[in-house]
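mind looking at a prediction? Sequence and model below.
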Amino acid sequence: MIKILLIAYLVTFYISLPGLFSKAGYSAYKGLIPIYNLYILFEILNIKPLFILLIGIGLIILEDRMFIITFLFTIMPFTIADAYDKKLLTGILGLCLPFIVFPYIAYMNGTYIYDMED
């Protein structure tokens, strides 16, 4: 059951990436390119490249890799909700019901508010 939920979470997340990218001013097709799409997403969410490097090193070195992945799955809905002008409640709902919230922000209701010129 957990594997099915994880696969559904990832499929919904990756389906939502082109919508999130187009609202942030990037080409939607960049959301379909593996690994590069995560780099662009971290740029959109104003997460520094050093943090990406630390996550990569942690995934290589640490024996308990699930801690880092769980941390990312937990923090991502809140940062996406913040970047697209949503409240804390949307982040909590994104944590509990990502199948509904991510497409809702990406394709229906959500305005990118971070400055792109930094």
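Sure, I can see it.

residue 43 and residue 55, how far apart?
Distance, residue 43 to residue 55, using C-beta to C-beta, to the nearest Å: 14 Å. For the C-beta atoms, the positions are set from N, CA and C on the backbone; glycine is no exception.

can you check residue 89 too?
According to C-beta to C-beta, residue 89 stands 27 Å off from residue 55.

of these two, which one has the most company?
Legend: neighbour count by other C-beta atoms under 10 Å for residue 89 and residue 55, higher for residue 55 (17 against 9).

for the closest residue to residue 45 other than its chain neighbours, give its distance to residue 41.
Among residues not flanking residue 45 along the chain, residue 79 sits closest, at 4.7 Å (C-beta to C-beta, 6 or more residues apart in numbering). Applying C-beta to C-beta, the value for residue 79 to residue 41 is 9 Å.

what is the subsequent helix or strand relative to the host helix or strand of residue 16?
Element membership for residue 16, per DSSP states H and E: helix 2-23. Reading on from helix 2-23 to the C-terminus, the next helix or strand found by DSSP H and E is helix 36-44.

that next one to helix 2-23, inter-axis angle?
Orientation of helix 36-44 against helix 2-23 (axes from the mean of the first three to the mean of the last three C-alpha atoms, to 10 degrees) gives an angle of 60 degrees.

so for helix 36-44, what gets flagged as buried?
For helix 36-44, burial by neighbour count (16 or more other C-beta atoms under 10 Å) applies to 37, 40, 41, 42, 43, 44.

redo those residues as JSON lines? Include pLDDT.
Formatted as JSON lines, the buried residues of helix 36-44 follow (pLDDT from 0 to 100):
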{"residue": "37", "pLDDT": "89"}
{"residue": "40", "pLDDT": "90"}
{"residue": "41", "pLDDT": "90"}
{"residue": "42", "pLDDT": "88"}
{"residue": "43", "pLDDT": "89"}
{"residue": "44", "pLDDT": "89"}
